[in-house]
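Enquirer: sequence and predicted structure are below.
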Amino acid sequence: MKPIDFKIEHKLPGKLGRAGTITTPHGEIQTPAFVTVGTKATVKALTPEQVADLGAQVVLANTYHLYLEPGDEIVRDAGGFGKFMNWHGPTMTDSGGFQVFSLGAAFGTKVGKLAKVGEVIVGEDESADSRLGRELICDEAGKLAKIDEDGVTFKSYRDGSVHRFTPERSMEIQHNLGADMIFAFDECTSPAAPLAYQREAMERTHRWAKRSLDAHKANKEASSKQGLLGVVQGGRHRELREESARVLGAMDFDGYGIGGSFDKDDMNTAVGWVNSILPEDKPRHLLGIGEPEDLFGAVENGCDLFDCVAPTRTGRNGTLHTHDGKINLLNARFVRDFTPVDSECDCYTCKNYTRAYLAHLFRSDEMLAATLGSIHNLRFLVALVEKMREAIIDDSFDTFKTSFIARYYKK
RNA sequence: GCGUAAGUGGCGGAGUGGUCAAUCGCAGCAGACUGUAAAUUUGCCGGCUUCGGCCUUCGAAGGUUCGAAUCCUUCCUUACGCA
């Protein structure tokens, strides 16, 4: 019996998109679905009840963060991170692969995982080989991660202590964390890295994927109740993306993650390349994407799950989604605006509070601002993806997409 | 009335002869945020600007000096102390 079952219920005619159901040991996920990020076994500013009430079906936590605090063995002894945090639905953990990027190549820079077309590409002038063995402490940029063939050495962002992740270690930790779906340990590359480095990193990620899979299967108990998703890489390059999908698609994963960096304007295309190759009968999770237009493109191109820190992060910082685009509640124009954030939104925040009240909470740094902002943004995206699912089922996806995009992004 | 201390940009508060349109914090204005080093962070924040600068400022008025927010004089105001 596989830990994860996926059934497709309806397909988007002539496209890769589909609506389906993932069955996990902790319940079903109607897909496509937006996954809520709860990095440290908490969706920041929200109780699990609030998360459930806004319609979220899954919570994704992070291996690296929970390993550092409180420690994965404590989480294991607590009964897994879902039980630990009092979330009873399906759960996922990321592998720590993103931290290879955020604490490594992207450390101290403004480089994100998405690059705009035409953006100047700054070279990674060194291959990983030449970096092998270099003292971590000597990194001139003060980065907190160092990659070698076997794994990654991290410095804790909390206290600077040194820690080491390998694919096997990531599996061991994720087994302790106990999520229903876990990810293979991968390297998320910078969009600024050149082709040669993207290839090198991708091939290493494939080797790590195999090692992750072997380590997972070797633990019979864990692999009977936790599904493992392999992570496709390849950066912005078609030949790499397709190769990665072929190589990983041939391995016996329970599902797939699509990770790494993209051209902002070509992401949907790139996702299409990958999903045309990946096995159709397994769920696909697009890692770290949460802009409305990106979600439409990804759903249309065959992705089933998405997670993103943006709704909770920007929600805490005052930027909220509306059907007419994002608004920043810290702007002076909302100080006396006694209307809801979005009159068409059915979330707790919109049903009970005004923009002026939220503006007041944000300006005065009240904790409730983060809570109400997060509830709204999460509900907005969860509901948006729910509507995409409904639109796939009743064959109105294109109409829905066109009207939503036209209104949201009109200037 | 006498004595002492102090008066700096919206507020608090540095500066105590040139490198000062004046550190810094707050408030204000705008921006960013896409597998969370994030309840974070960036820029602006006297006026004008062709962004090179230019102009007007540090309670008020005089003065010393090549040069003053910084020194001197008087005045005004505030706080504390003594009457």
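Expert: In hand now; what should we look at? Numbers count the residues shown, from 1 in each chain, chains lettered A, B, ... in the order given.

Enquirer: all helices of the stretch 51-200 of chain A, in order?
Expert: With helices called from DSSP state H, counting those that start in this stretch, the stretch 51-200 of chain A shows them at A:63-68, A:72-77, A:81-85, A:97-100, A:128-131, A:167-177, A:195-218.

Enquirer: right, and those - which one's nearest A:A406?
Expert: helix A:97-100 (32.8 Å; CB to CB). (Each C-beta comes from the backbone N, C-alpha and C, glycine too.)

Enquirer: pLDDT of the closest one, averaged?
Expert: Helix A:97-100 comes out with an average pLDDT of 90.

Enquirer: hang on, the earlier thing: let's have the helices of the stretch 51-200 of chain A in TSV, adding distance to A:R236.
Expert: Shown next, in TSV, are those (distance: least, CB to CB, whole Å):
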stretch	distance to A:R236
helix A:63-68	25
helix A:72-77	34
helix A:81-85	33
helix A:97-100	17
helix A:128-131	19
helix A:167-177	24
helix A:195-218	8
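
Enquirer: next, format the ones you listed as a markdown table and append mean neighbour count and distance to A:A106.
Expert: Formatted as a markdown table, these follow (neighbours: other CB atoms under 10 Å; distance: least, CB to CB, whole Å):
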| stretch | mean neighbour count | distance to A:A106 |
| --- | --- | --- |
| helix A:63-68 | 23 | 14 |
| helix A:72-77 | 16 | 24 |
| helix A:81-85 | 22 | 25 |
| helix A:97-100 | 25 | 10 |
| helix A:128-131 | 12 | 16 |
| helix A:167-177 | 24 | 19 |
| helix A:195-218 | 20 | 13 |
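
Enquirer: tell me which of these sits nearest to A:H321.
Expert: The nearest among the helices of the stretch 51-200 of chain A, by CB to CB, is helix A:97-100 at 23.3 Å.

Enquirer: how far off centre is that closest one?
Expert: From the chain centre to the centre of helix A:97-100 is a distance of 12 Å (CA atoms, centre = their mean, to the nearest Å).

Enquirer: residues in contact with that helix?
Expert: Residues from elsewhere that reach helix A:97-100 (CB atoms under 8 Å, 6 or more residues apart in numbering): A:62, A:64, A:145, A:147, A:152, A:154, A:170, A:183-188, A:205, A:231, A:259, A:287-288.

Enquirer: go again using 7 Å as the cut-off
Expert: A:64, A:145, A:147, A:152, A:154, A:183, A:185-188, A:231, A:259, A:288 (CB atoms under 7 Å, 6 or more residues apart in numbering).

Enquirer: likewise for stretch A:217-233?
Expert: With contact meaning CB under 7 Å, 6+ apart, stretch A:217-233 is reached by A:3-4, A:25, A:97, A:175, A:179-184, A:186-187, A:189, A:201-202, A:205, A:209, A:212-213, A:216, A:241, A:244-245, A:248, A:251, A:253-260, A:274, A:285.

Enquirer: can you tell if that stretch touches RNA strand B?
Expert: Yes: using CB under 7 Å from any atom of the strand, stretch A:217-233 reaches RNA strand B at A:V231.

Enquirer: one step back: tabulate the contacts of helix A:97-100 (CSV), appending pLDDT.
Expert: Listed next are the contacts of helix A:97-100 as CSV, based on pLDDT from 0 to 100:
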residue, pLDDT
A:Y64, 96
A:A145, 90
A:I147, 93
A:V152, 95
A:F154, 91
A:F183, 98
A:F185, 97
A:D186, 97
A:E187, 95
A:C188, 93
A:V231, 98
A:G259, 94
A:G288, 96
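
Enquirer: the contacts of stretch A:217-233 in strands, which ones?
Expert: Using DSSP state E to define strands, the subset of those located there is A:M181, A:I182, A:F183, A:G255, A:Y256, A:G257, A:I258, A:H285.
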